[in-house]
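[1] Sequence plus predicted model, see below.
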Amino acid sequence: MYFGAWVEIENDQGEKITVRIVGVDEIYDHHPQHISIDSPMAHALLGKQTDDEVEVVTPLGKKLWYINEIRYEKPEK
């Protein structure tokens, strides 16, 4: 996966979220699905593929996510 991707991820609790990896200068619009390329989540996702597991280090500890889908066009959800 690369910069600009829309990524659907899911955790063991069944929580699904869709995020888009964008540049720091694109965070200005406060879009709830945009994450900075510099964020821990983006660092964990970059270079991964669908069905990969990613571990994200957060202030609350490590979180495990599974990549369900990677797209380069906005999802129609």
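    Structure's in. What do you need?

[2] helices or strands next to the helix or strand bottoming out on mean pLDDT in the chain in the packing?
    None of the helices or strands of the chain scores lower by mean pLDDT, DSSP states H and E than strand 34-36, at a mean of 90. Other elements packing on strand 34-36 under the criterion 3 or more Cβ pairs under 8 Å, 6 or more residues apart in numbering; DSSP states H and E are strand 16-22, helix 40-45. (Glycine included, C-beta is placed from N, CA and C.)

[3] Could you check how far it is from the centre of its chain?
    Distance of strand 34-36 from its chain centroid, counting by Cα atoms, centre = their mean, to the nearest Å, is 8 Å.

[4] So in that sheet, which strands flank that strand, and in what orientation?
    strand 16-22 (parallel) (DSSP bridges).

[5] In CSV, list the C-alpha atoms belonging to the partner strand.
    Only the C-alpha atoms of strand 16-22 are listed here, as CSV (Å, rounded to 0.1, in the frame of the first residue of the first chain):
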residue,chain,number,x,y,z
LYS,A,16,-14.0,-1.7,11.1
ILE,A,17,-12.7,1.7,10.0
THR,A,18,-11.7,3.1,6.7
VAL,A,19,-8.8,5.6,6.6
ARG,A,20,-6.9,7.4,3.9
ILE,A,21,-3.2,8.1,4.1
VAL,A,22,-2.5,11.8,3.2
